[in-house]
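S.K.: sequence first, predicted model second:
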Amino acid sequence: MTRRVQSVLENFPNVRYKPRGYWTAIAGMPTMMRMGDAAGGHAPPIRTPDQRLRIFVSSTLRELEDERRAVRAAIERLHLAPVMFELGARPHPPRDLYRAYLAQSDVFVGIYGERYGWIAPGEEISGLEDEYRLAPHAMPRLIYLRSPADRDDRLEELVGRIQADDTTSYKTYGSPDELAELVEADLATLLADRFDASRVGGSPTTVEPLASRIPSPYSRLIGRDEDVAAILDLLSNRDRRLVTLLGPGGIGKSRLAIAVAGAADDLFPDGTVFVPLENVLEADLVLPSIGYALGVRDAGDLPLEERLAIALAGRRLLLVLDNFEQLIAAAPVLVRLYTIAPDTAFLVTSRVLLRIRGEQVFEVPALATHDPASPDSVARARASAAVELFVDRARAVKPDFELTDANAAAVVGICKALQGLPLAIELAAARMRVLSPTSVLQRLDNQLPMLVDSSRDLPERQRTLRTTIEWSTGLLASDERIVLHELGVFSPGFTLDSVEAFAAKRAWAFDAFGALEVLVDSSLVGQNDLDGESSFSLLATVREFALEQLCTSGQEPDARRAHADVYVELAQREGRGLGFGQQVESVARLNLERGNLRAAVRHLASIGDVESAADMAWRLYLYWWVGGYLTEVAVWMEELLASRASTVSPRTGAIAAFYVAWRDMWLKPSHELTRSLRDAADGFAREGDDLGATMAAATAGLAEINTADPDLPQATGWLRQGAERFRELGAGWGETLALVALGRIDALLGNLDAAAVEFERGVAAATASGDTFAATVATHHLARMRLFLGRVDESERLFSEAIAGSVILRHEEGIAYGLEGLCAIAALRGEAERAGVLAGAAGAIRKRAAVFDSPAFVFHTRYLQALCDQGAADRIREAEIRGADYGAQEAAEYALAAAGGSRRDNRMKGPATGDAAASAP
């Protein structure tokens, strides 16, 4: 107790400072029983005749009609006010009505017979149980059980919980008259006990009843159980005085705080006070708002902080401050409250980091929209929290809405497009009254116009996502708003280096890092750690808003050009390391910005800078291959040629022709593609690009192999020349790819030993140049030859190595090749389930990425068919279905974990060992 407080108390002998634990008892008393005043011993207020204590009566209605009539009479005999469902006008939903009545009552009386009560549509418990749950622990609860009674199972469960609750009184009764006598006697005793308690030690200092109860949620909380548990764990540590729930508007911070407050009784025996700050705009009003919620008024000579010290002394209390972002200047006030209220913990919701001592940040995550292990699986995503929320809110406006096989993909797509943002999902779900999920998904290209008109009882700033974002941006300084708007040209996933490079090109006259830091602290820009680097993103809705503002300012064209120039330079820097020892690092760096690289190429092509677009695309050739974007790049190049074919340079024309031919030689091979690639080689050569010319000429050999009637000698000559020229240029990756193609020719001709030699040389060339990617390609081809030659264990080891290398690079096509190889080995060993899972996973990867091997080189299916012929067809098909639900990384882990675990004699006979040449592709 401070010296000033002690002095004040000495001047008022009728006001006594109470030790720890006193306020817990006082908080539970009816208001009329508390005496004195914390400011100086004023007499208690005189109630008007209508201000009687309110006794809330909870029971089923028709079943216990006689009991309710008797209890009402007993309450009125004591001149108290019965609060009963049937006594008030009811132009409101029943649930809203009883919650409002309960919030204004002083004593809870529960009467239970045999029935559990009606459960409303969309609810999990009856109104009877809901009323019991909502009764605050500080409110006296008197429970009466009819006996004998054959209770419903769920009522029996509720009664069991009541009997186990040592804060609740319960008795049995046999008739309505007996019940009336019990209620009348118990209420009289309760009032006497509370009056006696108020006189202990003299006239106590009053703390008026808590003015702000925890808000009653009007919908169930979905997908937040782990978050609630994590926050409670933080609050359980007394060294953590302040926990900030941080996140963008619409992420669900307030709803989460309500759930935490409702579950924190065991940690905070003196209760929880909820302080809504959404309409408090002046920092000086923070303490008065807290005081009002506590029932402490800012009046008299004693400063409010001292009055709060008296009110909070010895109380283990949770103080929830909701919507603090517009009051950041008042954050130091909370530090002062640490001393004033040493036993009080603070839970703050804010879009902006408070940055004060003692702050523990909990970043409120978006709801999960998919299973991270298999991000493309619709089946798994159906069980995600985001989809559950969508379905729940859709049923609120359209009770017959169901998640079906027909609409599941669209619902999952909506949740992913909205990035798991709860408010956005609720707004989209509200459209189910007039639109189908497919229609909503199609309209989400422009999200902000779609996501409007939420519940009318929400604050205006949460009625639509646009106003939610405008509220947040309104808290920024002008320079910070400029940065936010210009960052709208970035795709999700960009680095600080790229922002600083962009800032230099845009000639920002302020600190880019500082502005970015503010935007991250304000939850307008998200930050994640990927591969040891910080990656930044804007929510899709924030990005759309930022671009609108940028367009309005007329700065969008210049900002997009600066953005493209940043990534042209990045491609020039990192492209040099892709085929050499820096490959893994370069791929990881480019992976951080993959969306922006693609956006830059598309933008350059769209504004007619085809030379820059083509050069950038060519420098990243190996990256597009590893990432599975070659088909996408081919589309860009086709558009480029269609619009500028007559004006492009020979090299640019050659780059575009190469990408188109690369795509088509796998999908629709022809001799025409071979000629196109030879022409592209000439185009590269005319502008002195030896590496490009060599690549196009060697690829012509590969294209020739894939045709229905290949000229193998011609293809062999081109590839042999390519391998030698790549070696002269020091491009080990190109030499490896040429050697692999030569090995494929040998395999086609049935020369398996010769093919193995070419593949071994390919592995050596890639290894010497430090090229992980080309090494994995050569390794899985070598593994095939070992399998065809009956060296099964060695083949399994090589396929596993190829998968491991592909995982490092995140090369899904390479993973698929390795899975197919291990699938063949599993089938050869009779492991039907494992073979099926691997086949299903590989097939799903290929279908998703649209990358397929030439039919002549597909081999694992023959091993599967042989096992099916032995009676394992059903088991394999069931396992394939499971495997198709695996993500690439998950499938790789499955394959590598099992590899080698069931090896048998490597001379086992099978479809690829009896006659090696005949069974090779």
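M.R.: Structure received.

S.K.: what ranges of the stretch 601-750 of the chain fall below the confidence cut-off?
M.R.: The stretch 601-750 of the chain contains residues with pLDDT under 70 at 644-646.

S.K.: and the helices in it?
M.R.: Counting by DSSP state H, counting those that start in this stretch, the stretch 601-750 of the chain has helices at residues 610-619, 621-627, 630-644, 650-667, 671-686, 690-706, 712-729, 732-748.

S.K.: any weak-confidence spans in the stretch 151-300 of the chain?
M.R.: Low-confidence segments of the stretch 151-300 of the chain (pLDDT under 70): 165-167, 193-213, 218, 297-300.

S.K.: same thing but at 80, please
M.R.: 164-169, 191-213, 215-219, 278-279, 281, 292, 295-300 (pLDDT under 80).

S.K.: please enumerate the helices of it.
M.R.: So, for the stretch 151-300 of the chain - with DSSP H, counting those that start in this stretch - the helices run 153-164, 176-198, 225-236, 253-262, 286-294.

S.K.: quick check: which of the helices of the stretch 601-750 of the chain is nearest to D531?
M.R.: Within the helices of the stretch 601-750 of the chain, the stretch nearest D531 is helix 621-627; the backing value is 14.4 Å (Cβ to Cβ). The C-beta positions use only the backbone N, C-alpha and C, and glycine is treated the same way.

S.K.: counting contacts, what elements does that closest one pack onto?
M.R.: Judged by 3 or more Cβ pairs under 8 Å, 6 or more residues apart in numbering; DSSP states H and E, the packing partners of helix 621-627 are helix 583-591, helix 630-644, helix 772-788.

S.K.: ok, the residue nearest to V648 when sequence neighbours are not counted - contacts?
M.R.: Leaving out its chain neighbours, the residue that sits closest to V648 by Cβ to Cβ, 6 or more residues apart in numbering is V610, at 5.5 Å. Under the criterion of Cβ atoms under 8 Å, 6 or more residues apart in numbering, the neighbours of V610 are 604, 640, 643-644, 647-648, 652.

S.K.: one step back: most neighbours per residue, which of the helices of the stretch 601-750 of the chain?
M.R.: Highest mean neighbour count among those (mean count of other Cβ atoms under 10 Å): helix 732-748, with a mean of 26.

S.K.: got the domain boundaries for this protein?
M.R.: By the assignment in automatic domain parsing, the chain contains the domains 54-198, 225-363, 378-454, 731-778, 790-902.

S.K.: which of those is buried the deepest?
M.R.: Most buried of the domains of the chain by mean neighbour count (mean count of other Cβ under 10 Å) is domain 731-778; its value is a mean of 23.

S.K.: looking at the helices of the stretch 601-750 of the chain, which is nearest to L242?
M.R.: Among the helices of the stretch 601-750 of the chain, helix 621-627 sits nearest to L242 (Cβ to Cβ), with 43.3 Å.

S.K.: output that closest one in CSV with nothing but the alpha carbons.
M.R.: Below are the C-alpha coordinates for helix 621-627, written out as CSV (Å, rounded to 0.1, in the frame of the first residue of the first chain):
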residue,chain,number,x,y,z
TYR,A,621,15.5,-21.7,-67.1
LEU,A,622,16.7,-24.2,-64.6
TYR,A,623,14.7,-22.6,-61.8
TRP,A,624,11.5,-22.8,-63.9
TRP,A,625,12.2,-26.5,-64.4
VAL,A,626,12.9,-27.2,-60.8
GLY,A,627,9.8,-25.3,-59.7
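
S.K.: what's the offset of that helix from the middle of its chain?
M.R.: Mean-position distance between helix 621-627 and its chain equals 28 Å (Cα atoms, centre = their mean, to the nearest Å).

S.K.: mind listing residues that contact that helix?
M.R.: Contact with helix 621-627 is made by 574-575, 578-579, 583, 586-587, 590-591, 594, 597, 617, 629-630, 632-633, 695, 733, 773, 809-811, as judged by Cβ under 8 Å, 6+ apart.

S.K.: dump the helices and strands packed on helix 621-627 to CSV, plus distance to L487.
M.R.: Formatted as CSV, these follow (distance: least, Cβ to Cβ, whole Å):
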stretch, distance to L487
helix 583-591, 20
helix 630-644, 24
helix 772-788, 32
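
S.K.: quick one: closest of those helices to A70.
M.R.: Per Cβ to Cβ, nearest to A70 of these: helix 583-591, 73.6 Å.

S.K.: returning to what we had before: export the contacts of V610 as CSV, with columns for distance to D529.
M.R.: Output for those, formatted as CSV (distance: Cβ to Cβ, whole Å):
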residue, distance to D529
L604, 30
L640, 36
S643, 41
R644, 41
T647, 45
V648, 41
T652, 38
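
S.K.: among the residues you listed, which one lies nearest to R133?
M.R.: Distances from R133 to the contacts of V610, taken by Cβ to Cβ, are shortest for L604, at 60.5 Å.

S.K.: list the contacts of the closest one.
M.R.: Contacts of L604 by Cβ under 8 Å, 6+ apart are 564, 568, 610, 612-613, 616.
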